[in-house]
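Chemist: Here's a sequence, model it:
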Amino acid sequence: MKPPRKVWIAAFFLLVGLLMSVLRGLAEEDALQKARELNEQAIRRYQEGRYEEAISLAQESLALREKTFGPDHLEVANSLYNLAGFYKAQGRYNEAKALYKRALAICEKSLGPDHSIVALVLHHLALLYNTQGRYAEAELLYKRALEVREKALGPDHADTATSLHSLAEVYRVQGRYAEAEPLFKRALKVDEKALGSDDPGVATVLNSLAILYKDQGRYAEAEPLLKRALKIDEKTYGPEHPKTAIILDNLALVYLAQGRYAQAEPMMKRALAIFEKTLGPSHPDVAMALNNLASIYLSQGRYAEAETLHKRALAIREKAFGPDHPDVASSLNNLAELYAVQKQFAQAEPLYKRALAIDEKALGPDHPLVAGFLANLALLYSDQGRLAEAEPLMRRTLSIFEKVYGPDQAKVADVLSIMAERYRKMDRVPEAEACEQRAARIRAMRPPKAGESR
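Modeler: As a prediction, the model looks like this:
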């Protein structure tokens, strides 16, 4: 007896459904593989400093995942996260922020608010805010990421150490050294236990703790940390790896800060040579080393050599990032400073102004880097006797530093001292004295640097 016609039809549609499901599964698998290949290519282009190509590939990967899986899938969040990182590297901060936030929403919905992947996205959104000088927002996100990681992974996990490290870093850049140091030390202890004392993750924390000490003038404490980090990275990556070069660069800067030029110069040249050999002559890390080597030359009055290096660094950054990136502004500022030291004011002024315009647009009017450029332009005017033009710029610098760092930080005292000096040149003695007294009160509240006496 034959099965009823309806049974045959049902069986047929069941078979078709199963076949379509298999085909969809195969199509999704193929699309996912293609998306991942595009992402891997994008990462390679990024590592080579070919940022526009990296962004194009990452955008293609995102579009493929959205088409295949829909807008709210974890695979889409992965692409959003990667593309946001590339935008951040290009200084496209608002675009990066939007993608990080969308990735965060997907991850929180799919995985819950206390998942370690949620902490990862929080961490990178905080890093973006830190770059923008939005320290209060960065601090909150870093703290939330730390809380999630401690709960999900435990207090002695390497990812927990990463959150401790990053929170310490946001304190360091604000001059909150007493809060930063114990966090760096705790991160170091966790990494040594979780990864081993010779792991490159340990070297990363050693490098950051050394920078904290350098910022405070504690050079004798910074130097051995960097030497230990250098030994780890040379053993792990080899003597000619970019990570080794980064430690060399920072150690050279510690020597420069102490006026130890004979040690700083060959070390910085070695770092530069490594970057050029491994990354190519037009990579942004080459520009960083060129800039730092130029600083060594500037400190020694070797202006012609410094100018050549600063111009090359500027050209690399303009090519890599475009004309409106904060790193381009940094190179413009450095070149302007070189001209200002030589009293070539007509050449310095337009460079300072262009650097200021770039950072105001990219970072916002209240970023600490904007304040630094305002101060440099004010000093340039002051050195030319243009004191009336300098004063509002210094006042704006002071206002930004008070807003960002708080009214009782060392950076505020430094600005007040500069303002006092300029007011004395204008014979405005009461204002000069008021600035001097406030600066003295701030410094009396803060512990002296190692080796200093009050």
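
Chemist: Give the next helix or strand downstream of the helix or strand of the chain with the lowest mean pLDDT.
Modeler: Of all helical and strand segments in the chain, the minimum by mean pLDDT, DSSP states H and E falls on helix 5-47, at a mean of 64. Beyond helix 5-47 on the C-terminal side, the first helix or strand identified by DSSP states H and E is helix 51-69.

Chemist: what's that next one packed up against?
Modeler: Secondary-structure packing of helix 51-69 (3 or more Cβ pairs under 8 Å, 6 or more residues apart in numbering; DSSP states H and E): helix 5-47, helix 74-89. Yep, even glycine has a C-beta here, placed from its N, CA and C like the rest.

Chemist: Would you mark the buried spots in it?
Modeler: 51, 53-58, 60-62, 64-66, 68-69 (16 or more other Cβ atoms under 10 Å).

Chemist: Relative to Ala362, which of those residues is nearest.
Modeler: Lowest distance from Ala362 to the buried residues of helix 51-69 (Cβ to Cβ) belongs to Tyr51, with 15.1 Å.

Chemist: Correct me if wrong: that closest one contacts Gly91.
Modeler: No: between Tyr51 and Gly91 there is no contact, the gap being 9.9 Å when judged by Cβ atoms under 8 Å.

Chemist: what sits in contact with each of those two?
Modeler: Common contact partners of Tyr51 and Gly91 (Cβ atoms under 8 Å, 6 or more residues apart in numbering): Phe321.

Chemist: List the buried residues for the helix or strand hosting Arg186?
Modeler: If you go by DSSP H and E, Arg186 is part of helix 177-195. Within helix 177-195, the residues scored as buried using 16+ other Cβ under 10 Å are Tyr177, Ala180, Glu181, Leu183, Phe184, Arg186, Ala187, Leu188, Val190, Asp191, Glu192, Ala194.

Chemist: Give me the three-state assignment for the closest residue to the fourth one other than its chain neighbours.
Modeler: Sequence neighbours aside, Ala168 is the residue nearest to Leu183 in space, at 3.6 Å (criterion: Cβ to Cβ, 6 or more residues apart in numbering). Put simply, Ala168 is helix when judged by DSSP: H, G, I helix; E, B strand; the rest coil.

Chemist: Contacts only, for Ala168.
Modeler: Glu179, Ala180, Glu181, Leu183, Phe184, Ala187, Ser208, Leu212.

Chemist: measure the first one to Leu212 for me?
Modeler: Going from Glu179 to Leu212 by Cβ to Cβ, to the nearest Å gives 11 Å.

Chemist: likewise the second one?
Modeler: According to Cβ to Cβ, Ala180 stands 6 Å off from Leu212.

Chemist: for this protein, what are the low-confidence residue spans?
Modeler: 1-28, 446-454 (pLDDT under 70).

Chemist: Spatially central residue for it, please.
Modeler: Nearest residue to the geometric centre of the chain (Cα atoms, centre = their mean): Thr131, 5.4 Å.

Chemist: Can you pull the phi and psi angles for that one?
Modeler: phi -60, psi -40 (degrees, to the nearest 10).

Chemist: go on, Gly196?
Modeler: Residue torsions, per degrees, to the nearest 10, at Gly196 are phi 100, psi 150.

Chemist: tell me which element the closest residue to it other than its chain neighbours falls in.
Modeler: Residue nearest to Gly196 in three dimensions, not counting chain neighbours: Val202, with 7.5 Å by Cβ to Cβ, 6+ apart. Taking DSSP H and E as the definition, one finds Val202 inside helix 200-215.

Chemist: Now do that helix: which elements does it pack against?
Modeler: Using 3+ Cβ pairs under 8 Å, 6+ apart: helix 200-215 touches helix 158-173, helix 177-195, helix 219-237, helix 242-257.

Chemist: how big is the angle separating the last one from helix 219-237?
Modeler: This points to helix 242-257. Using axes from the mean of the first three to the mean of the last three Cα atoms, to 10 degrees, the direction of helix 242-257 lies 160 degrees away from that of helix 219-237.
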